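> any chance you could fold what I've pasted below:
(2 chains)
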Amino acid sequence: DAMVIQNPRYQVTQFGKPVTLSCSQTLNHNVMYWYQQKSSQAPKLLFHYYDKDFNNEADTPDNFQSRRPNTSFCFLDIRSPGLGDAAMYLCATSSLIFSGGAHNEQFFGPGTRLTVL
Amino acid sequence: ELKVEQNPLFLSMQEGKNYTIYCNYSTTSDRLYWYRQDPGKSLESLFVLLSNGAVKQEGRLMASLDTKARLSTLHITAAVHDLSATYFCAVEETSGSRLTFGEGTQLTVNP
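You can find the predicted model right below:
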């Protein structure tokens, strides 16, 4: 089945210790997104890739970086995690084509829950 | 800046009752999505609404879109406990690549 996969599902790191979260997809979608979701809040978009073009949200801290080495994979790097970065991190994909009738339904992976000690 | 507001944020209802969740948004868009999220889980796509007057139904849930009023509704008919979850609406910006989410409505259906 075509899907969005995130690894690991649970990640524990220490304050200040770099961590990388992984997302892969078999949908062959051209857009990949990273969201941060804290408890009882809506998902907050950190950045997205439209093909190889990186689009950062204006309020995403520099501590968060991303890489997309190919269509299938996208990584979220947190360079120096703080206690406030503990959250669920959601990867999503969409197939965005700028033509009549196109839309941007996003398909979400299962998420990685990050704990910072 | 696109703003999306959901109402109510918390909803506790009895099994068998009907209720409606509202999603208002601030700028022109004709594409709106509803997602469900169970505690500790990811978002599951429920409905994709792509035009004014669009209505979609799945089981006890029905979603509609009025782009002129900038309003979408998610109607629950004869609620059952399994519908307990948080429901998010998300509006697509006209540029096409981003969604703006509402705050979410936490629904609890009591026996």
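
> surely A:G82 is in contact with A:F15?
Yes. Contact criterion Cβ atoms under 8 Å: A:G82 and A:F15 qualify, at 6.6 Å. Any C-beta I mention is one placed from the backbone N, CA and C, and that applies to glycine too.

> shared neighbours, the two?
Shared contacts of A:G82 and A:F15 (Cβ atoms under 8 Å, 6 or more residues apart in numbering or on different chains): A:V116.

> stretch B:83-98 spans what distance, first to last residue?
One end of stretch B:83-98 sits 27 Å from the other (Cα to Cα, to the nearest Å).

> in that stretch, what's buried?
Neighbour counts using 16 or more other Cβ atoms under 10 Å in any protein chain shown place B:83-93, B:96-98 of stretch B:83-98 among the buried residues.

> narrow these to those in strands?
B:85-92 (DSSP state E).

> using the three-state scheme, assign A:C74.
What DSSP: H, G, I helix; E, B strand; the rest coil gives for A:C74 is strand.

> up against chain B, what does chain A have?
Chain A has residues A:31, A:40-43, A:45, A:48, A:50, A:55, A:90, A:92, A:96, A:98, A:101-111, A:113 near chain B, with proximity defined as Cβ under 8 Å from any Cβ of the partner chain.

> for ChimeraX, write the selection for the buried entries among those.
A single ChimeraX command selects the buried members of these (16+ other Cβ under 10 Å):
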select /A:31,42,43,45,48,90,92,96,103,104,105,106,107,108,109,110,111,113
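
> and the nearest residue to A:V12 once chain neighbours are set aside, what does it touch?
Among residues not flanking A:V12 along the chain, A:T115 sits closest, at 4.6 Å (Cβ to Cβ, 6 or more residues apart in numbering or on different chains). Applying Cβ under 8 Å, 6+ apart, we find A:T115 in contact with A:10-13, A:86.
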